[in-house]
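what follows is a protein structure lacking sequence information:
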């Protein structure tokens, strides 16, 4: 393949490329993988533990029957944990994709730039709009939510390329529609593989699965638009 020319695409090539680039930048991506795991599960676990502890403390003799005040406070603590965990997961996920795009474009990622080179305002707006769309999709027997999430999966990639939130949603929909089979196969491979690995390792494999998924998505986003990637 001549230098600068886009690579031919296949989902297997995308995952193989992602694994290779993960190995070449293992330190920074392992760190981001750990942050992903902590943001997604660790924070929520701590808040859930605190909420459960409050209920036990309110009635240590019969912890299964806490006071109504303790139950309400526990629910608020756990809800706070859910919101905070979701926010941190979104921040880390967007930064991780920024790094993945940088690796695909230049061959390397910088931790500081993964967070500084993100249009957070447009990213937040896009996240809210996609979240609303997915929520509305729940009313279609949950199938609608899955379809919406699938077609809008590349919204963050478009935002990171400098597109506005609304245009990023349109770009993601068009991109998936025009490359439906390739994206469906990639989604199935990454989804099934990620679930199996995470289940077999009690979630620990997430420190690798999350970065590899972001790298595969970044590679797919570039190659299927006929844009060159670093070998």
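Received, thanks. Fair warning: this is a prediction, and the values are worked out from it, not measured in the lab.

off-centre distance for the worst-scoring helix or strand of the chain on mean pLDDT?
Here the helix or strand of the chain ranked lowest by mean pLDDT, DSSP states H and E is helix 43-58, holding a mean of 84. Centroid displacement of helix 43-58 relative to its chain, using CA atoms, centre = their mean, to the nearest Å, is 26 Å.

check stretch 172-192 too.
15 Å.

shaky segments in the protein?
1-7, 62-63, 141 (pLDDT under 70).

that one: helices as residue ranges?
11-24, 26-37, 43-58, 68-106, 111-116, 120-137, 143-151, 155-160, 165-178, 180-200, 206-223 (DSSP state H).

hang on, the earlier thing: ok, residues contacting the least confident helix or strand of the chain?
63, 66-67, 69-71, 73-75, 77-78, 80-82, 84-85, 88 (CB atoms under 8 Å, 6 or more residues apart in numbering). Yep, even glycine has a C-beta here, placed from its N, CA and C like the rest.

swap in stretch 135-155?
By CB under 8 Å, 6+ apart, stretch 135-155 touches 126, 130, 133-134, 165, 168-169, 171-173, 175-177, 183-184, 187, 217, 221.

about what we covered before: TSV for the helices of the chain, including distance to residue 231 and mean neighbour count?
TSV is the format used below for those (distance: least, CB to CB, whole Å; neighbours: other CB atoms under 10 Å):
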stretch	distance to residue 231	mean neighbour count
helix 11-24	9	18
helix 26-37	18	18
helix 43-58	38	16
helix 68-106	11	18
helix 111-116	22	13
helix 120-137	29	16
helix 143-151	29	16
helix 155-160	20	26
helix 165-178	23	18
helix 180-200	20	14
helix 206-223	11	24
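
okay, the ones you listed in a markdown table with distance to residue 229 next?
As requested, these are arranged in a markdown table below (distance: least, CB to CB, whole Å):
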| stretch | distance to residue 229 |
| --- | --- |
| helix 11-24 | 8 |
| helix 26-37 | 17 |
| helix 43-58 | 34 |
| helix 68-106 | 5 |
| helix 111-116 | 18 |
| helix 120-137 | 23 |
| helix 143-151 | 23 |
| helix 155-160 | 13 |
| helix 165-178 | 16 |
| helix 180-200 | 15 |
| helix 206-223 | 5 |
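
and those helices: which comes nearest residue 230?
helix 68-106 (6.3 Å; CB to CB).

and that closest one, what other elements does it pack with?
helix 26-37, helix 43-58, helix 111-116, helix 120-137, helix 155-160, helix 206-223 (3 or more CB pairs under 8 Å, 6 or more residues apart in numbering; DSSP states H and E).

could those go into TSV alongside distance to residue 147?
TSV is the format used below for the helices and strands packed on helix 68-106 (distance: least, CB to CB, whole Å):
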stretch	distance to residue 147
helix 26-37	25
helix 43-58	27
helix 111-116	30
helix 120-137	7
helix 155-160	14
helix 206-223	18
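
give the residue farthest from the middle of this structure.
Here the centre of the chain is the reference, and by CA atoms, centre = their mean the most remote residue is residue 61, at 42.6 Å.
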